[in-house]
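Asker: what would the 3D arrangement of this be:
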Amino acid sequence: CEAALERARWPSGFVCPHCGEGKHSTFLTSGRKYWQCSHCRTQTTLRSGTVFHASKVPLTKWFQAMYLVTQNKNNISALSLKRHIGVSYPAAWRIKHKLLEAMAERESRRILSGFVLADDATLGGVQAGKPGRGSENKALFMAAVELDEDGYPQHVRLDSIEDVKGTTLVNRAATSLNSNVHLVTDGLASFNAAGAAVAQHGVIIVTPRQSSDLEMFRWVNTFISNVKTAIHGTYHHFDFKKYRARYLAEAHYRINRRFELHTLVDRLLWSCARTAPCSESWLRLGVVRNS
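Answerer: Numbering: from 1, shown residues only. The predicted structure is shown next:
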């Protein structure tokens, strides 16, 4: 596991995280290997500066967790992860959310292009109050699906949004869509503002029907349905509004790599090696960097 992490972090040989130089020396202290830059004298361990920073959990358990998180189609909860890899629940929660953070930061840079279908959706159940978008008990997100020339889905983005105001959707479109896309949405007026940020925007009025009744929206609604089923079927007690960005990122990280399952652990390891350390207090805030 250490050799795999070293290859993922420095595929062309050691690079000093402080000055970028490659010339170095190594030494062992208390059984731990250190790299010392010959230029600036900065000392670095294999885990420091990565998502594994300061973790007392063995890398073997981290690798087990990466395998379980990436290969389980219907997600895996922190409680199940605890049982599988043999750690305490708090440790399993930290591992889970650090891996989700690595996924989220990696996916935050994905830009959809070509022909894109988009729709808004909600997570959570109605306990009381208004149904639909206006419910106080539901958390909003936007789903966008990139289709190829034959109408088959290529890539997906599932992004949390605080509301469906025009300014919110414009900002989300600017960070997730290429300016040359042909965007198709339903008749929600706020999507018109987002449509102004791209080359083409088509609107299909669905009222009084639902978008799920239309063939045009088949793929975007399929992904929304699958994601909601996986999340509700696995995670029974988490704050949708607070943590939805990471859980949605977990879903579309796997969706976008669904044809390359054998590479998922290596890819996630590569992302973890480039994700800055995350303290538990920061993880508890529920925010995602670079989103």
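Asker: and the pLDDT for the closest residue to Glu21 other than its chain neighbours?
Answerer: Once flanking residues are discounted, Glu21 sits nearest to His39: 4.1 Å by Cβ to Cβ, 6 or more residues apart in numbering. C-beta: built from backbone N, CA, C; applies to glycine. Listed pLDDT for His39 reads 95.
Asker: packing partners of the helix or strand containing His232?
Answerer: Using DSSP states H and E, His232 sits within helix 218-234. Contact here means 3 or more Cβ pairs under 8 Å, 6 or more residues apart in numbering; DSSP states H and E; on that basis helix 218-234 packs against strand 115-123, strand 139-147, strand 153-160, helix 240-255.
Asker: apply 10 Å and report the result again.
Answerer: With contacts taken as 3 or more Cβ pairs under 10 Å, 6 or more residues apart in numbering; DSSP states H and E, helix 218-234 sits against strand 115-123, strand 139-147, strand 153-160, strand 182-186, helix 240-255.
Asker: next one: the first one to chain centre, how far?
Answerer: Going back to what we said before, that points to strand 115-123. In terms of Cα atoms, centre = their mean, to the nearest Å, the centre of strand 115-123 is found 16 Å from the chain centre.
Asker: that older thread, and the residue nearest to Glu21, how far from Phe27?
Answerer: 17 Å (Cβ to Cβ, to the nearest Å).
Asker: these two: which is more packed in?
Answerer: Per other Cβ atoms under 10 Å, whichever of His39 and Phe27 has more neighbours is His39, with 14 against 10.
Asker: from what I can see His39 touches Lys23, true?
Answerer: Yes - look at His39 against Lys23 with Cβ atoms under 10 Å: they come within range, at 6.5 Å.
Asker: so what sits against both of the two?
Answerer: Listed contacts common to His39 and Lys23 are Cys16; contacts here mean Cβ atoms under 10 Å, 6 or more residues apart in numbering.
Asker: rewinding a little: may I see the buried residues of the helix holding His232?
Answerer: For helix 218-234, a neighbour-count test (16 or more other Cβ atoms under 10 Å) marks Arg218, Trp219, Val220, Asn221, Phe223, Ile224, Val227, Lys228, Ala230, Ile231, Thr234 as buried.
Asker: and the angle from that helix to strand 115-123?
Answerer: 30 degrees (axes from the mean of the first three to the mean of the last three Cα atoms, to 10 degrees).
Asker: next, the angle from helix 218-234 to strand 153-160.
Answerer: Using the same axes, to 10 degrees: helix 218-234 against strand 153-160 is 50 degrees.
Asker: pull the distance from helix 218-234 to the chain's centre.
Answerer: On Cα atoms, centre = their mean, the centre of helix 218-234 falls 15 Å from the chain's centre.
Asker: okay, the angle between the biggest helix by length in the chain and helix 240-255?
Answerer: Across the chain, the longest stretch assigned as helix under DSSP state H is helix 89-107. On the basis of the same axes, to 10 degrees, helix 89-107 is oriented at 60 degrees to helix 240-255.
Asker: can you tell me which helix or strand of this protein has the lowest average pLDDT?
Answerer: Every helix and strand in the chain was compared by mean pLDDT, DSSP states H and E; the lowest is strand 200-204, with a mean of 70.
Asker: neighbours of Glu6, how many?
Answerer: Residues near Glu6, counting by other Cβ under 10 Å: 16.
Asker: list the contacts for the closest residue to it other than its chain neighbours?
Answerer: Counting by Cβ to Cβ, 6+ apart, Glu6 lies nearest to Leu46, which is 6.0 Å off, once chain neighbours are set aside. Residues counted as contacts of Leu46 (Cβ under 10 Å, 6+ apart) are 1-3, 5-6, 9-10, 32-35, 52, 59, 273.
Asker: what ranges does the stretch 1-150 of the chain have for its strands?
Answerer: Taking DSSP state E, counting those that start in this stretch as the test, the strands found in the stretch 1-150 of the chain are 24-29, 32-37, 43-45, 115-123, 139-147.
Asker: switch these over to TSV; also include distance to Val198.
Answerer: Shown next, in TSV, are the strands of the stretch 1-150 of the chain (distance: least, Cβ to Cβ, whole Å):
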stretch	distance to Val198
strand 24-29	47
strand 32-37	46
strand 43-45	43
strand 115-123	8
strand 139-147	11
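Asker: quick check: the residue nearest to Glu6 vs Phe14, distance?
Answerer: On the measure of Cβ to Cβ, Leu46 and Phe14 end up 10 Å apart.
Asker: identify the contacts common to the two.
Answerer: Glu6, Trp35.
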